[in-house]
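Asks: No letters, just coordinates:
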Ligand code: PCA
């Protein structure tokens, strides 16, 4: 099985994004719990509403993965969170890294309001927990760039690549990011975030 996995570049004044740091640390080859051999293809995504859809489309076209999983940072969350749904809206106060702000526009005009992840979200969470890594199913990926990318992946899976599974994992701050903040923020060690993502992938 070939899995395309992405992390994001830093944003919002941070100098690292644990999603990309963790994805970069994953082994290129491993076996799932069912004994299937996995090859990973990794890519760093820009934090850009307008570019992420085209980039993921080109990557999927080139790589033809069996599964596409995107990972992003969700500062303030406390565990590895496997997203259940992407919604067809772009809405956040903060601009993306291109300086673009959206307030209520659709990700894809005319698309359905939401699309469910095509992933065994509960099994992925259970696999993390079995490895003593805090994890939960999340029912909101927000309305910023992560949700936008997830929606694009699921749209592509639905419309063009029906055999491709796909979804999104949000990860908390890694400890170094939280340590320099004035206000206490939840975080996990980077090695644990990496291990958590790997456990999720092994549950596929
Ligand atoms: N997190 C942001 C976008 C990039 C990232 O890592 C989000 O949750 O939308």
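Replies: Great, that's in hand. The shown structure was predicted, so the numbers you read here are calculated from the model rather than taken from an experiment.

Asks: got the residues of the chain near the ligand?
Replies: Applying CB under 6 Å from any ligand atom, one finds that the chain approaches the ligand through 8, 11, 17, 19, 47, 72, 73, 74, 142, 144, 145, 146. (C-beta placed from N, C-alpha, C; glycine too.)

Asks: List the residues that contact the most centrally placed residue in the chain.
Replies: For the chain, residue 71 is the residue whose C-alpha lies nearest the centre (CA atoms, centre = their mean; 2.2 Å). The contact partners of residue 71, by CB atoms under 8 Å, 6 or more residues apart in numbering, come to 5-8, 19-20, 22-23, 168-171, 197.

Asks: Only the buried residues of the helix or strand harbouring residue 21, if you could.
Replies: Using DSSP states H and E, residue 21 falls within helix 18-24. Across helix 18-24, burial judged by 16 or more other CB atoms under 10 Å covers 18, 19, 20, 21, 22, 23.

Asks: My guess is the third one contacts residue 43. True?
Replies: No. Look at residue 20 against residue 43 with CB atoms under 8 Å: they stay out of range, at 9.3 Å.

Asks: What number of residues are in the vicinity of residue 106?
Replies: Neighbour count of residue 106, defined by other CB atoms under 10 Å: 15.

Asks: Can you give me the pLDDT of residue 204?
Replies: With respect to pLDDT, residue 204 scores 98.

Asks: With adjacent residues omitted, what lies nearest to it?
Replies: Computed as CB to CB, 6 or more residues apart in numbering, the closest residue to residue 204 that is not its neighbour in sequence is residue 32, at 5.6 Å.
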